[in-house]
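**Q** quick check, what structure comes out for this input:
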Amino acid sequence: MAGYKIMVVDDDQNICELLRLYLEKEGFETVIAEDGARALALFDGAQPDLVLLDVMMPRLDGWQVCRELRKKTQCPIIMLTAKGEVFDKVLGLDLGADDYITKPFEAKEVIARIKAVLRRCGRDTSEKARVVEFDGLYINMENYELKVRGKAVDTPPKEMELIFHLASNPNRVYTRDQLLDEVWGFEYYGDSRTVDVHVKRLREKLEGVSDQWTLKTVWGVGYKFEVKES
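**A** Below is the predicted model of the structure:
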């Protein structure tokens, strides 16, 4: 499941952490949102491959979130709730949900449903590209390997995840807060200067490697992996 990202939307922290544990054990990446409003705020930046969406939540419930997501995306949605009545299932499916799991659930069932929905929606769950290559640069997240001009460079995990995230979305500008959300996880309440430090270290490793791309600062905004048009 390497490379597939699942957004878990639930106001129960214990359930979120349990699902994160099982999902990451299966090789999925995870993004956690503690309520519906947060899910909508994170969705565009996170670009998940599937959303596990609880129904009963504060601020915005699952029905409302599902309705809003369906206005702009066909990303698969699995409703996750303690409600088991036929009416609730029908409502979720009518709003565009792809499946429905009732609490309490077995984590193995959730994993199996996710794989089934991804297959049904035409997404190959066997493997997703975890390798990014540019002139003089090779990033392999299967084994956390960074090669510069063909030579392996020792790089800490968070630096690897940061450069992979930026290079996987060339020319897209990210704010520091977005990078904290998407690379470190929204639960990380650190200083945004953490991003600056990691970018500085990456630049030391990548300086002068190629004139085809650069790790660029967008002043007043954040960073982007800029690729020149050929």
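**Q** just confirm Lys5 contacts Val51, I think it does.
**A** No. Applying C-beta atoms under 8 Å, one finds Lys5 not in contact with Val51, separated by 10.0 Å. C-betas here are computed from N, CA, C, even on glycine.
**Q** okay, these two: which has more neighbours?
**A** Val51 (28 against 18; other C-beta atoms under 10 Å).
**Q** what sits against the more buried one?
**A** Neighbouring residues of Val51 by C-beta atoms under 8 Å, 6 or more residues apart in numbering: 6-7, 9, 39, 43, 69, 75-78.
**Q** then Ile78?
**A** By C-beta under 8 Å, 6+ apart, the contact set of Ile78 is 50-53, 97-101, 110, 113-114, 117.
**Q** what of Glu145?
**A** Listed by C-beta under 8 Å, 6+ apart, the contact partners of Glu145 are 138-139, 152.
**Q** mind listing which of those are in strands?
**A** Those of these mapping onto strands are 138-139, 152, per DSSP state E.
**Q** can you tell me which of those is closest to Val218?
**A** Ile139 (21.1 Å; C-beta to C-beta).
**Q** show me what the helix or strand where Val199 lies is packed up against.
**A** Taking DSSP states H and E as the definition, Val199 sits inside helix 193-206. Other elements packing on helix 193-206 under the criterion 3 or more C-beta pairs under 8 Å, 6 or more residues apart in numbering; DSSP states H and E are strand 145-148, helix 157-167, helix 176-179, strand 213-218, strand 222-227.
**Q** dump the C-alpha coordinates for it into PDB.
**A** Only the C-alpha atoms of helix 193-206 are listed here, as PDB (Å, rounded to 0.1, in the frame of the first residue of the first chain):
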ATOM      1  CA  ARG A 193      11.000  27.700  11.800                       C
ATOM      2  CA  THR A 194      11.400  23.900  12.000                       C
ATOM      3  CA  VAL A 195      10.600  23.900   8.200                       C
ATOM      4  CA  ASP A 196      13.200  26.600   7.600                       C
ATOM      5  CA  VAL A 197      15.900  24.500   9.300                       C
ATOM      6  CA  HIS A 198      15.100  21.400   7.300                       C
ATOM      7  CA  VAL A 199      15.000  23.300   4.000                       C
ATOM      8  CA  LYS A 200      18.400  24.900   4.900                       C
ATOM      9  CA  ARG A 201      19.900  21.400   5.500                       C
ATOM     10  CA  LEU A 202      18.400  20.100   2.200                       C
ATOM     11  CA  ARG A 203      19.900  23.000   0.300                       C
ATOM     12  CA  GLU A 204      23.300  22.200   1.700                       C
ATOM     13  CA  LYS A 205      23.000  18.700   0.200                       C
ATOM     14  CA  LEU A 206      21.500  19.800  -3.100                       C
END
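**Q** can you go through the ones in strands among the contacts of Glu145 and name the buried ones?
**A** 138-139 (16 or more other C-beta atoms under 10 Å).
**Q** can you add distance to Ala167 and pLDDT and give the ones in strands among the contacts of Glu145 back as TSV?
**A** Converted to TSV, these look like this (distance: C-beta to C-beta, whole Å; pLDDT from 0 to 100):
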residue	distance to Ala167	pLDDT
Tyr138	10	94
Ile139	6	92
Ala152	17	93
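**Q** lowest-confidence helix or strand of the chain?
**A** Across the helices and strands of the chain, the lowest-confidence element by mean pLDDT, DSSP states H and E is helix 86-94, at a mean of 61.
**Q** ok, what's across the strand from Leu52?
**A** Assessed by DSSP bridges, Leu52 has beta-bridge partners Val8, Ile78.
**Q** quick one: pLDDT of it?
**A** In the prediction, the pLDDT value recorded for Leu52 is 95.
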